[in-house]
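# Got a predicted structure here, sequence first:
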Amino acid sequence: MAKVLVVTSGKGGVGKTTTTAALGAALAQGGQSVCVVDFDVGLRNLDLVMGAERRVVYDLINVVNGDAKLPQALIKDKRLDTLHLLPASQTRDKDALTDVGVARVMEELRERFDWVVCDSPAGIERGAQLAMHHADVAVVVTNPEVSSVRDSDRIIGLLDSKTAKAEKGEEMEKHLILTRYDPMRADRGDMLKTEDVLDILSIPLLAIIPESQEVLRASNLGCPVTLNNPLCAPARAYADAARRLKGENVPMSMPTERKSFLDKLFMRRAA
Amino acid sequence: MSILGIFQKRNSGAVARDRLQLILAHERAESGRPDLVMQLRDEILAVIANHVSVEADKVKVTLERGEGVSTLGLDIELPLGVSGKLDAKLAAKLAEVAANRGGQKSAASKKAA
């Protein structure tokens, strides 16, 4: 049975698109068929982070309007056969998406894939609400920073009131991914601690993604971080998150970069 | 980064710059006529549909945006019995549409609209 997952946050720039690409690829690496869907109409970027920007022909709006069939719009990942992308339109605006049309496309995606991962636009308006509407599971991406936590709280409120699940009186399954986490700064007390964020938002923790240059490097190259360097700390954290989403029991740990002897030596001196 | 790494791999920042320059050049060029490629695709398909009935899901459209040029690929599965003679007629019609592009709308695009 297909699962539809929405990656959302309220605030922009916290790592929704990175998370969508990384989780989508991690689920696909486990052998399941996955489609990542860009709902950020007018400001598409998932294609760029996935490295498919030069191959976009049709987009979500074309499929919603019936100008193209779903298989024609899907872009198969060049590195991973089980991973597909449905890009957003760059030239149209979100009002071109009709509720009925989106519902039909989501239904078709459900039939075709094991996982459908929807990348929500920032904000709390129609685009973000459409992206979350058909979800079974929500991943809330939050930075350990006040404005991001506050916006996540708003989004959690919407997940519990404006989605199809909420309207049916069912409980939306929600998970928190804490991104750009710097354990050293948190230890020094310069950053909100994981427990603080969990306390405030009171949804279960799916993963802590450490701040890492590997995330920027992967997006520079147009490759999900879990594919670009599967052994780096953020990739391992996303891979664990994907396994937890599949129902596996994976103990939570703070993934750290494996440092060479020289790095350790210099770190010690600097500290 | 190790000394060997410098020779083996390009800096990812440079790759990012090149990818962005390429895709933005395409998007800026398209900003005047955002749907040019889509329009071409629709008109070509409409011309073909004038001659052969083609099922929508038997049409594969691919696009590759490269440096300086984009290639639009149309892979159309034609039903049995489409002869070489018809192919020649098609080619003539396609040439006509190409000539009319930008000027008056061709019969094909009227049909598509």
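In hand now; what should we look at? Numbers count the residues shown, from 1 in each chain, chains lettered A, B, ... in the order given.
# Now do the contacts for the residue in chain B positioned nearest to chain A.
Chain A sits closest to B:Ala16 of chain B, with a gap of 3.5 Å, by Cβ to the nearest Cβ. All C-beta atoms are positioned from the backbone trio N, CA, C, and that covers glycine. For B:Ala16, the contacting residues are A:219-221, by Cβ atoms under 8 Å, 6 or more residues apart in numbering or on different chains.
# who wins for most neighbours among the residues you listed?
Within those, A:Ser219 tops the neighbour count with 23 neighbours, counted by other Cβ atoms under 10 Å in any protein chain shown.
# residues in contact with that residue?
Contact analysis of A:Ser219 by Cβ under 8 Å, 6+ apart lists A:18, A:48-49, A:225, B:16.
# Give me the local confidence score for whichever residue of chain A sits closest to chain B.
Of all residues in chain A, A:Asn220 sits closest to chain B, at 3.5 Å by Cβ to the nearest Cβ. What the model reports for A:Asn220 is a pLDDT of 96.
# what about it, which SS state?
Three-state call for A:Asn220 (DSSP: H, G, I helix; E, B strand; the rest coil): helix.
# Let's see the pLDDT reported for the nearest residue to it once chain neighbours are set aside.
Spatial nearest neighbour of A:Asn220, excluding adjacent residues (Cβ to Cβ, 6 or more residues apart in numbering or on different chains): B:Ala16 at 3.5 Å. For B:Ala16, the pLDDT comes out at 85.
# Can you classify the nearest residue to A:Val4 once chain neighbours are set aside as helix, strand or coil?
Residue nearest to A:Val4 in three dimensions, not counting chain neighbours: A:Val116, with 4.6 Å by Cβ to Cβ, 6+ apart. Under three-state DSSP, the three-state class of A:Val116 is strand.
# and A:Val116, bridged to which residues?
A:Val4, A:Cys35 (DSSP bridges).
# can I assume it is in contact with A:Ser33?
No - with contact defined as Cβ atoms under 8 Å, A:Val116 and A:Ser33 do not form a contacting pair (9.8 Å).
# Which one's more surrounded, these two?
Taking other Cβ under 10 Å, A:Val116 and A:Ser33 do not tie; A:Val116 has more neighbours (27 against 16).
# Which residues belonging to stretch A:154-163 are considered buried?
Neighbour counts over stretch A:154-163 (16 or more other Cβ atoms under 10 Å in any protein chain shown) mark A:155-156, A:158-159, A:162-163 as buried.
# So what touches that stretch?
If you take Cβ under 8 Å, 6+ apart as the criterion, stretch A:154-163 is touched by A:8-10, A:124, A:128-129, A:132-135, A:138, A:140, A:166, A:172, A:174, A:201, A:203.
# just how off-centre is it within its chain?
Mean C-alpha position of stretch A:154-163 versus that of the full chain (Cα atoms, centre = their mean, to the nearest Å) differs by 17 Å.
# again with stretch A:78-89
Going by Cα atoms, centre = their mean, where stretch A:78-89 is centred and where its chain is centred differ by 14 Å.
# Next one, pLDDT for the closest residue to A:Val41 other than its chain neighbours please.
Excluding the flanking residues, the one nearest A:Val41 by Cβ to Cβ, 6+ apart is A:Lys94, at 4.4 Å. pLDDT, A:Lys94: 73.
# which residues touch A:Lys94?
With Cβ under 8 Å, 6+ apart, A:Lys94 has these contacts: A:41-42, A:121, A:126-127, A:130.
# could I get these as CSV with secondary structure?
Output for the contacts of A:Lys94, formatted as CSV (three-state DSSP):
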residue, secondary structure
A:Val41, coil
A:Gly42, coil
A:Pro121, coil
A:Arg126, helix
A:Gly127, helix
A:Leu130, helix
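# Neighbour-wise, which one of those leads?
Result: A:Pro121 is most packed of the contacts of A:Lys94 (other Cβ under 10 Å), 27 neighbours.
# Run through who's touching the host helix or strand of A:Leu176.
Secondary structure from DSSP states H and E places A:Leu176 in strand A:173-181. Strand A:173-181 has contacts (Cβ under 8 Å, 6+ apart) with A:14-15, A:18-19, A:136-144, A:152, A:156, A:159, A:191, A:194, A:197-198, A:201, A:203-211, A:241, A:244-245.
# Note down every partner strand of that strand and its orientation.
Strand A:173-181 is paired, per DSSP bridges, with strand A:137-142 (parallel), strand A:205-210 (parallel).
# Provide the contact partners of the first one at residue level.
So the one you mean is strand A:137-142. A:3-9, A:14-16, A:19, A:23, A:132, A:148-149, A:152, A:155-156, A:159, A:172-179, A:197, A:201, A:203, A:206, A:245.
# Apply 6 Å and report the result again.
Applying Cβ atoms under 6 Å, 6 or more residues apart in numbering or on different chains, the contact partners of strand A:137-142 are A:5-7, A:9, A:14-16, A:19, A:148-149, A:152, A:159, A:172-179.
# Quick one: name the residues of chain B near chain A.
B:12-13, B:15-16, B:23, B:34, B:57, B:61, B:63-65 (Cβ under 6 Å from any Cβ of the partner chain).
# Strands of the chain, start to end?
Since you didn't name a chain, this refers to chain A. Remark: strands assigned in chain A by DSSP state E are A:3-8, A:34-38, A:75-76, A:83-86, A:115-119, A:137-142, A:173-181, A:205-210.
# please go with chain B instead
Under the criterion DSSP E, strands of chain B are mapped to B:59-65, B:70-76.
# Residue ranges in the chain under the pLDDT threshold?
No chain was given, so I picked chain A. A:255, A:257-271 (pLDDT under 70).
# actually it's chain B I care about, not the one you picked
In chain B (pLDDT under 70), the answer is B:1-9, B:31-35, B:81-91, B:98, B:101-113.
# For it, which segments are assigned as helices?
Secondary structure of chain B, counting by DSSP state H: helices at B:3-8, B:12-30, B:36-51, B:84-100, B:107-112.
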